[in-house]
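1. what follows is a predicted protein model with its sequence.
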Amino acid sequence: MATTCCYCGVGCGVVVSTHKNGIFSVKGDAAHPANHGRLCTKGAALHLSTDAGARLLYPEVDDKRKTWGQALDHVAEKFRQIIAAHGPDAVAFYISGQLLTEDYYVFNKLAKGLVGTNNVDTNSRLCMSSAVAGYKQSLGADAPPCAYEDIDDADLILIAGSNTAFAHPIVYRRIEEARASNPGLKLVVIDPRATVTARAADLHLALKPGTDVALFNAMLHVLQRDGFLVSSFVDSHTENFEKLQSLLDRWTPERAAEVCDLPVAKIVEAAHLFGRSKAALSLYCQGLNQSASGTWKNCALINLHLATGQIGKRGAGPFSLTGQSNAMGGREVGGMANLLSGHRDLGNEEDRKEVAALWGVDAVPAKPGKTAVEMFEAIGRGEIKAVWIACTNPAQSMPDANAVRKALARAEFVVVQEAFRDAETCDYADVLLPAASWAEKEGTMTNSERRISRVRAAVPPPGEARADWHIAVEFARRLSVEGKRLFPYQNPEQVFNEHRESTRGRDLDITGLSYAVLERDGPQQWPYPEGARSGRTRLYPDGVFPTPSGRARFVATEYLPPAEEPDGQFPVRLTTGRLRDQWHSMTRTGLVARLFSHSPEPEIVVSEIDLQKNNYSNHDLVCVTSRRGSAVMKIRASDDMRPGDAFVAMHWGGRFTAGVGTNALTVPAVDPYSKQPELKHAAVRIEPFAARWRGAFAAAATPELQRAAAAWLARFDYAALTLAEGPEILLRLELATAGDPDAKVLAELEKLFGQPALTGPAAFERAVCACFKVGESQIRAAVAAGATFAGLQKNLKCGTNCGSCVPELRRLAAA
């Protein structure tokens, strides 16, 4: 069965093989144009994440099993009561870029068309809304103009704010192939850390975190000063360049060098490489987006493309790499607090009238809805009484997670529609609704290059779980008589067809697409209007943009420092990001032992200088504290890091650690245009943690044991609950306390694991190759004995399966 991967926005095709007991293997779909048969480590392990023991199997109300009818009747009655007493804006829906387009469409129509509130937002607010705002301000529409094939035709690739080798491994494999076939292709990487991606670059600009706008402004200054502006394009196809002049005059490379902590020569070199390029492609992601000035970071980068005419042609353009599998589809249907279906804007009266007519309602409310951070703040204040959360885990993934958890605990009514029983947000639910997951449902998703792919059900959902769109439709029909009329859908194809009609005449027109076309011709890019024979590979080849003037717009992007800078009390800059083999809050990947091997435990990574200056050793326990919360974890030095900076992976939460996790530390400050929070920058202090007692447990892993052990983590100052591959899958629990441990708690854990605790610190080796369990020490020993990259592949087999470890193998082989 051919379907689509549920992880990142690359949108890889997956072929699923099944037997009577479920899914037994997956492989890449060689016919899918996004991945041509490749899968990363996570995608290649999808079949290992389907254990029914980890799933929600039936509806629950107040922790008691109920029928679907009982649960939905109860939810409908509570929503009716709250709406009658407090108005429609007293309820909210918080949904997910992991939903299918059809699911998204139904939720958006449910909130804005039936309930009458624009309080519907999504976890895509945390990853893509600055990219959306940047595209709209600069180019006039939320439409990435590029395609993956542009990687093959570029002679310069500039990667900003993305460790592509980890976050979008299949895209990175394509970059590697392009460099191999085109030795003249230059790679420039802008990232505070010397990531695997940065180490492969011809030029790495390790700027101070948060200073991207200053860098891009200075690059534009150099482009103008040194004669690289393409005046014919600027004069014919853009506007507002003259409004940038005073800004550019101020942003000399010397000034930017001081702000960004970069050599002047590197700034000039980057600008010259961009200016000399015949085809410059920029790829960017959360390092630009997750910022209180994320929109301007996007616009400042797009300014470089407009100034040099590097857009609308092969191998060129500003290409935002979508974080989630269907964040793009959610934007298409307007599944955010400020959007409407078909790339319409809530603030536009004509757009509201068009959508109201399409839906058959009197009006769509004009009052702006609460965006993600605003929504949970309003819940905390008691303004929003009821919230419905679907397919996302805000108790772990939102910034300032302690405040979010307090808000959920205060809420009058919380509905959680979720596939996995152990998502932290489930702990706050009054009602749990079991949802179908990957390979169990039908619909569509759209990837980073605007390509719509079919998602197909290979197996039925376990227990009583249902498709997300179907749950929302059944609720709508119970909520009011109008719900029966507005939600007549019997299958997801009917939902898709209504969504398709909403795009007629719009920039994303897909009136020529259908399930039948996708079945016959495979995944297609939009626009694909009625009468078309194929989608459009890239946008704006004629230099005409979807703005009132038809011209792209230069945006005067002033540099603003991060919302929270280091000071004497919190002297360290903390940044967050992805691990290679984990995903979001690990509700799925946290079930797969193989995916822990590359990064086996929570840690804070600092420079070797900072480790030595503060008299730490690798793997010491430290307490990391911000103005919002704290977390105890191990510390490790890496030459990836700039002095004064620290890195913690975003994924770790309360199912794997003693506290709330990484997002106890992060800042809820948001960009004024996109409302995206600044998850990438916080000020923290790092202090020694004096452990009076340390111990560890291990036992054969099951989802039930993992769930039971996680319930005890909060009783310790430090905890790391992880999986390990070996002859059998092990569940490992490492613990520490500042005082004596609670004897009763230890007794319960000894009973649970069937053995006493092993006292003292534990150490785990990192596997570079997760597929074949090849550790870093094994690779270093082979290299010391003379092994080349090819020899490592031949003798150890590392790098010969999914290929996610290839960039690291090349670096180790060259060391």
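-> Now that the structure is in, tell me what you want to look at. Residues are numbered from 1 along each chain as shown.

2. just checking, residue 604 touches residue 646?
-> Yes. With contact defined as CB atoms under 8 Å, residue 604 counts as touching residue 646 (5.3 Å). From N, CA and C alone the C-beta is placed, and that goes for glycine too.

3. find residues that contact each of these two.
-> Taking CB atoms under 8 Å, 6 or more residues apart in numbering as the contact rule, residue 604 and residue 646 both touch 574, 624, 686.

4. nearest spatial neighbour of the spatially most central residue of the chain, chain-adjacent residues omitted?
-> Nearest to the geometric centre of the chain sits residue 323, at 3.9 Å (CA atoms, centre = their mean). Nearest residue to residue 323 in three dimensions, chain neighbours excluded: residue 127, at 3.6 Å (CB to CB, 6 or more residues apart in numbering).

5. ranges for the helices of the stretch 101-250 of the chain?
-> Ranges of helices in the stretch 101-250 of the chain, per DSSP state H, counting those that start in this stretch, are 101-109, 129-139, 150-153, 164-167, 169-181, 196-199, 212-225, 231-237, 245-250.

6. out of those, which comes closest to residue 305?
-> For residue 305, the closest of the helices of the stretch 101-250 of the chain is helix 129-139, at 8.8 Å, according to CB to CB.

7. and the contacts of stretch 253-260?
-> 205, 207-208, 211, 214-215, 217-218, 221-222, 262-264, 267-268, 271, 559.

8. again, but for stretch 164-180
-> Contacts to stretch 164-180, defined as CB under 8 Å, 6+ apart, come from residues 8-10, 12, 34-35, 38-41, 148, 151-152, 154, 157, 162, 185, 187, 195-197, 200, 283, 285-286, 321, 323, 577-580, 802-804, 806-807.

9. rerun that using 6 Å as the cut-off
-> Residues from elsewhere that reach stretch 164-180 (CB atoms under 6 Å, 6 or more residues apart in numbering): 8, 10, 12, 35, 38, 40, 151-152, 185, 196-197, 321, 578, 580, 803-804, 807.

10. right, and the residue nearest to residue 323 touches residue 325 too?
-> No. Using CB atoms under 6 Å, residue 127 makes no contact with residue 325, being 11.4 Å away.

11. ok, these two, which is more surrounded?
-> Using other CB atoms under 10 Å as the criterion, residue 127 and residue 325 rank with residue 325 on top: 29 against 23.

12. so which helix or strand takes in the more buried one?
-> Of the helices and strands defined by DSSP states H and E, none includes residue 325.

13. residue contacts, residue 128?
-> Counted by CB under 6 Å, 6+ apart, residue 128 has contacts 323, 327.

14. if we go to 8 Å?
-> Here residue 128 is in contact with 97, 289, 320, 322-324, 327-328, 331 (CB under 8 Å, 6+ apart).

15. among those, who's most crowded?
-> residue 327 (33 neighbours).

16. nearest spatial neighbour of that residue, chain-adjacent residues omitted?
-> residue 97 (3.7 Å).

17. look up how far residue 359 lies from the one you found.
-> 23 Å (CB to CB, to the nearest Å).

18. same deal with residue 63?
-> Distance of residue 63 to residue 359, computed by CB to CB: 36 Å.

19. quick one on the thing from earlier: what's the overlap in contacts for residue 127 and residue 325?
-> Residues touching both residue 127 and residue 325 (CB under 8 Å, 6+ apart) are residue 97.

20. any residues touching stretch 631-641, and which ones?
-> For stretch 631-641, using CB under 8 Å, 6+ apart, the contacting residues are 193-195, 601-608, 610-612, 616, 618-624, 647-648, 652, 657-662, 664-665, 686, 689, 717-718, 720, 736.

21. that one: how far from the chain's middle?
-> 22 Å (CA atoms, centre = their mean, to the nearest Å).

22. any weak-confidence spans in the chain?
-> Within the chain, the stretches with pLDDT under 70 are 763-764.

23. and residue 63 and residue 359? Which one has more around it.
-> Neighbours were tallied for residue 63 and for residue 359 using other CB under 10 Å; the higher tally belongs to residue 359 (19 against 8).

24. end to end, how far does stretch 442-456 reach?
-> The first and last residues of stretch 442-456 sit 5 Å apart, counting by CA to CA, to the nearest Å.

25. am I right that residue 428 is in contact with residue 413?
-> No. Counting by CB under 8 Å, residue 428 stays clear of residue 413, with 10.7 Å between them.

26. show me the contact partners of stretch 523-530.
-> For stretch 523-530, the external contacting residues (CB under 8 Å, 6+ apart) are 11, 13, 32-34, 147, 446, 449-454, 503-504, 507-513, 517-518, 534-537.

27. in PyMOL, how would I select just the buried ones from the residues you listed?
-> In PyMOL, this line selects whichever of the contacts of stretch 523-530 come out buried by 16 or more other CB atoms under 10 Å:
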select buried, resi 11+13+32+33+34+147+446+449+450+451+452+453+454+503+507+508+509+510+511+512+513+517+518+535+536+537
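
28. of the contacts of stretch 523-530, which belong to strands?
-> 13, 446, 451-454 (DSSP state E).

29. what helices and strands are in contact with the host helix or strand of residue 471?
-> Using DSSP H and E, the element containing residue 471 is helix 468-479. With contacts defined as 3 or more CB pairs under 8 Å, 6 or more residues apart in numbering; DSSP states H and E, helix 468-479 has these neighbours: helix 68-86, helix 101-109, helix 481-486.

30. 10 Å instead?
-> Here helix 468-479 touches helix 68-86, strand 91-95, helix 101-109, strand 386-390, strand 413-418, strand 431-434, helix 481-486, helix 492-502, going by 3 or more CB pairs under 10 Å, 6 or more residues apart in numbering; DSSP states H and E.

31. the first one vs strand 413-418, what angle?
-> If I follow you right, that is helix 68-86. Per axes from the mean of the first three to the mean of the last three CA atoms, to 10 degrees, the angle that helix 68-86 makes with strand 413-418 is 140 degrees.

32. got the angle for helix 68-86 vs strand 386-390?
-> Using the same axes, to 10 degrees, helix 68-86 lies at 140 degrees relative to strand 386-390.

33. next one: the fifth one
-> Angle of strand 413-418 versus strand 386-390, following the same axes, to 10 degrees, is 0 degrees.

34. re earlier: out of the helices of the stretch 101-250 of the chain, deepest packed?
-> helix 101-109 (a mean of 30; mean count of other CB atoms under 10 Å).

35. return the alpha-carbon coordinates of it using CSV.
-> Output of helix 101-109 as CSV, limited to C-alpha atoms (Å, rounded to 0.1, in the frame of the first residue of the first chain):
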residue,chain,number,x,y,z
THR,A,101,-6.1,18.4,4.9
GLU,A,102,-9.6,17.0,5.1
ASP,A,103,-9.4,16.9,9.0
TYR,A,104,-8.2,20.4,9.0
TYR,A,105,-11.0,21.6,6.7
VAL,A,106,-13.7,20.1,8.9
PHE,A,107,-12.3,21.6,12.1
ASN,A,108,-11.9,25.1,10.6
LYS,A,109,-15.5,25.0,9.3
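
36. and it, how far out from the chain middle?
-> Distance, stretch centre to chain centre, for helix 101-109: 20 Å (CA atoms, centre = their mean).

37. check stretch 265-278 too.
-> The answer for stretch 265-278 is 30 Å, by CA atoms, centre = their mean.

38. give the buried residues for that stretch.
-> For stretch 265-278, the neighbour count (16+ other CB under 10 Å) marks 266-271, 273-275, 277 as buried.

39. pick out whichever of those sits closest to residue 51.
-> Closest approach to residue 51 among the buried residues of stretch 265-278 (CB to CB): residue 270, at 47.3 Å.
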